[in-house]
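# Mind folding the following:
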Amino acid sequence: MSVGTGSTAVDVRIMTRTELALHGVAAETPVRRPDGAGPSDDGHVLVDGANAALPRNPDSPYSVRDGKVWLGDEAGGLKDTGISLTPVQRPRFYDLTTADGTRYEQIARLHGSDVLATTVVQTCIRYTEADRCRFCTIEESLRSNATVAAKTPAQLAEVAEAAVRLDGVKQMVMTTGTTTGPDRGARNLVRSVRAVIEAVPGLPIQVQCEPPGDLAWIRELHAAGATAIGIHVESLDDTVRRQWMPSKSTVPLVEYEAAWDEAVRVFGPNRVSTYLLVGLGEYPDELIAGAGRLIDRGVYPFVVPFRPMSGTLAARDGVEAPGAGLLKYVTEGVAAKLRATGMSGADQKAGCAACGACSVLQAAGG
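Below is the predicted model:
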């Protein structure tokens, strides 16, 4: 499958990227994330020089040889896809520990080649089986001792300074499980951002949380030094939300809309993003139309494929990932709307959209 010039070549490349996002690659990756608060069980690589988080799948038809991605066929032959792939190497800050013996890797992890990511509070009030989001494994990494339950601002500052100094990290993402207070986790993020900015002045940071009950917390996050904010809804369809997120869906969409609008007012257009998961049952054209409405608000719709990862309720129940054709259709539809308004994830400077690893949007021009 060689890739030449013209629209057909572009179509082939995007289809290959969507298949890689869903089916992964048969390759070893030194940097991986087995579980957690987002797409997980991935290996972190560079695909055509851009960050990508791909499932490590020994049964994938795609393999890597001489820095290139090859597609196997039933006869055992290999075809060059024209796509390059380089595994991200283990960062040096992983070798360090805090004075109390906590491994830096348990506090924050490398995503892609230059993004430091952490879940500040690794527990969530919505994680009981009856309440939890069916695609989430936020507490599984805690149970496997891959992380610690709560990271202190001082720990995060210490790790961020080392990651920037030793490994050239260029941005940071801070997410959190939902907490019991009306701020829903924003208070801890404010403290953490302040500490990191004091240790590493100018480091772009994206924060992620549910819509806080008091929108003043959005202003506090910005004042603390956050560059961008993610307020993740995952679906704009209330039926889908109730099925996939029984507890989180009790926060009505009007609260999300109010939070997005306030965040755009405070952070600016294209400094606010939200996840939209492909494959939860939402009609594709409605998903694309909803993404367009978000773009009109100044919110970047980060379109990511649902993948039934180990430890999720969806995987337990045998729910399958969407087909590559569906993912390609939605991704290209949303990317076209982003291009029409001049909105680019890379312009956010920090966060999931800026990194782009878990999505195919950047490859599609979004």
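# where do the strands sit along this structure?
Per DSSP state E, the chain carries strands over the ranges 32-33, 42-47, 50-55, 62-65, 68-72, 78-87, 109-111, 115-119, 171-175, 205-208, 228-230, 272-278, 299-305.
# could these be laid out in CSV, adding mean pLDDT, distance to Glu262 and mean neighbour count?
Every residue, glycine included, has its C-beta placed from N, CA and C. Below are the strands of the chain laid out as CSV (pLDDT from 0 to 100; distance: least, Cβ to Cβ, whole Å; neighbours: other Cβ atoms under 10 Å):
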stretch, mean pLDDT, distance to Glu262, mean neighbour count
strand 32-33, 66, 31, 20
strand 42-47, 90, 32, 23
strand 50-55, 91, 29, 23
strand 62-65, 93, 43, 17
strand 68-72, 93, 42, 18
strand 78-87, 93, 40, 17
strand 109-111, 94, 27, 25
strand 115-119, 97, 24, 26
strand 171-175, 98, 19, 26
strand 205-208, 98, 14, 28
strand 228-230, 98, 10, 28
strand 272-278, 98, 9, 25
strand 299-305, 97, 11, 27
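# how about those strands in TSV, adding distance to Ala335?
Below are the strands of the chain laid out as TSV (distance: least, Cβ to Cβ, whole Å):
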stretch	distance to Ala335
strand 32-33	25
strand 42-47	16
strand 50-55	14
strand 62-65	22
strand 68-72	21
strand 78-87	18
strand 109-111	21
strand 115-119	21
strand 171-175	22
strand 205-208	21
strand 228-230	19
strand 272-278	13
strand 299-305	8
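# which stretch among the ones you listed comes nearest Arg242?
strand 272-278 (14.7 Å; Cβ to Cβ).
# got any ranges where the protein has weak pLDDT?
1-11, 32-41 (pLDDT under 70).
# what residue of it is the furthest out?
The outermost residue of the chain, judged against the average C-alpha position, is Ala75 (36.2 Å), by Cα atoms, centre = their mean.
# So which of the strands of the chain is nearest Trp260?
Short answer: strand 299-305, nearest of those by Cβ to Cβ, at 5.0 Å.
# Spit out the contact partners of the residue nearest to Thr341 when sequence neighbours are not counted.
Excluding the flanking residues, the one nearest Thr341 by Cβ to Cβ, 6 or more residues apart in numbering is Ile295, at 5.6 Å. Counting by Cβ atoms under 8 Å, 6 or more residues apart in numbering, Ile295 touches 301, 337-338, 341, 343.
# From Gly101, how far out is the residue nearest to Glu198 when sequence neighbours are not counted?
With Cβ to Cβ, 6+ apart as the criterion, Glu198 has its nearest non-adjacent residue at 6.7 Å, and that residue is Ala157. Plainly put, Ala157 is 18 Å away from Gly101 if you go by Cβ to Cβ, to the nearest Å.
# more neighbours, the two?
Ala157 (18 against 6; other Cβ atoms under 10 Å).
# just checking, the more buried one touches Arg194?
No: Ala157 is not in contact with Arg194 according to Cβ atoms under 8 Å; the separation is 9.1 Å.
# Just among the contacts of Ile295, which is most surrounded?
Highest count within the contacts of Ile295 by other Cβ under 10 Å belongs to Pro301, 29 neighbours.
# beta partners of that one?
Beta bridges link Pro301 to Thr274 when assigned by DSSP bridges.
# contacting residues for the closest residue to Val169 other than its chain neighbours?
Counting by Cβ to Cβ, 6+ apart, Val169 lies nearest to Ala163, which is 4.1 Å off, once chain neighbours are set aside. Contacts for Ala163 were tallied using Cβ under 8 Å, 6+ apart; they are 91, 93, 104, 108, 110, 116, 169.
# Please report the distance of Ala163 from Lys68.
30 Å.
# what do you get for Val278?
Counting by Cβ to Cβ - Val278 and Lys68 are separated by 27 Å.
# Kindly report the same for Pro153.
43 Å.
# Let's have the contacts of Ala163 in a markdown table, adding distance to Gly323.
Converted to a markdown table, these look like this (distance: Cβ to Cβ, whole Å):
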| residue | distance to Gly323 |
| --- | --- |
| Pro91 | 35 |
| Phe93 | 39 |
| Tyr104 | 39 |
| Ala108 | 34 |
| Leu110 | 31 |
| Leu116 | 33 |
| Val169 | 35 |
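# Which pair of those residues spans the longest distance?
Tyr104 and Val169 (11.8 Å).
# where do the helices sit along the stretch 51-200 of the chain?
Under the criterion DSSP state H, counting those that start in this stretch, the stretch 51-200 of the chain contains helices at 104-107, 140-143, 153-167, 186-199.
# same deal with the stretch 251-366 of the chain?
Going by DSSP H, counting those that start in this stretch, the stretch 251-366 of the chain shows helices at 253-267, 284-297, 313-316, 324-341, 352-355.
# Ser247: neighbour count?
16.
# you'd agree it is up against Arg126?
Yes: between Ser247 and Arg126 there is a contact under Cβ under 8 Å: 4.0 Å.
# which neighbours do those two share?
With Cβ under 8 Å, 6+ apart, Ser247 and Arg126 have common neighbours 132-133.
# ok, now how distant is the closest residue in space to Leu215 that isn't next to it in sequence from Cys136?
Closest residue to Leu215 apart from its sequence neighbours, by Cβ to Cβ, 6+ apart: Glu262 at 4.6 Å. Using Cβ to Cβ, Glu262 is found at 25 Å from Cys136.
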